[in-house]
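In: Below are the sequence and a predicted model; questions follow.
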Amino acid sequence: MPHEIIGICPVCGGKLGVTRLSCRQCGTEISGEFALSKFNALNREELAFAETFLRVQGSIREMEKEFGISYPTVKKNLETIIRKMGFEVKKKTDQQEMLEKIRSGELTVDEAIQQIKAEQEGQQ
């Protein structure tokens with residue numbers, strides 16, 4: 001059984017590169033420098049998390065159920081994976097953060113309304 005390819009050096013943490021490819025069917029070998037997928041920057045747990053996210057078609061609620069974790073933890077894990085793959089994590093607006101807190105149960109709709117009113121009064 002073949003070993004999984006890793007993308008990060010276990011000694012120094014640098015990015016690994018592929019220098020040789022071979023065909024199992026005919027034995028052809030190709031040497032050179034080949035790029036790894038962005039997914040190779042992830043460890044096994046992060047890759048399993050990303051695969052599950054794709055399998056559940058991006059449903060954070062399903063991710064909460066699958067892993068038994070909270071909404072904020074799902075978001076934090078996704079942001080970690082996004083960064084490790086070399087992408088930028090978009091900064092959230094206050095409204096987006098408030099909606100996420102309502103979805104996760106950290107904040108009720110009434111509490112959100114009170115916060116919005118307090119912010120509006122503070123701006124006047």
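Out: In hand now; what should we look at?
In: Now the residue nearest the centre of the chain: which helix or strand?
Out: For the chain, the residue nearest the mean C-alpha position is Leu78 (2.6 Å; Cα atoms, centre = their mean). Under the criterion of DSSP states H and E, Leu78 resides in helix 71-84.
In: other SSEs contacting that helix?
Out: Using 3 or more Cβ pairs under 8 Å, 6 or more residues apart in numbering; DSSP states H and E, the elements in contact with helix 71-84 are helix 44-55, helix 60-67, helix 94-104. Quick note: C-beta positions are derived from backbone N, CA and C, even for glycine.
In: could you dump the ones you listed to TSV with mean neighbour count?
Out: Output for the helices and strands packed on helix 71-84, formatted as TSV (neighbours: other Cβ atoms under 10 Å):
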stretch	mean neighbour count
helix 44-55	14
helix 60-67	15
helix 94-104	14
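In: Redo the ones you listed as TSV? Include mean pLDDT and distance to Phe87.
Out: Formatted as TSV, the entries for the helices and strands packed on helix 71-84 read as follows, by pLDDT from 0 to 100; distance: least, Cβ to Cβ, whole Å:
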stretch	mean pLDDT	distance to Phe87
helix 44-55	96	12
helix 60-67	93	18
helix 94-104	82	18
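In: Give me the buried positions along the helix holding Leu78.
Out: Applying a neighbour-count criterion of 16 or more other Cβ atoms under 10 Å, one finds Tyr71, Val74, Lys75, Asn77, Leu78, Ile81, Lys84 buried in helix 71-84.
In: how about low-confidence regions in this structure?
Out: Within the chain, the segments meeting pLDDT under 70 span 1, 123-124.
In: Repeat the analysis, applying 80 as the threshold.
Out: Counting by pLDDT under 80, the chain shows low-confidence ranges at 1-3, 91-94, 118-124.
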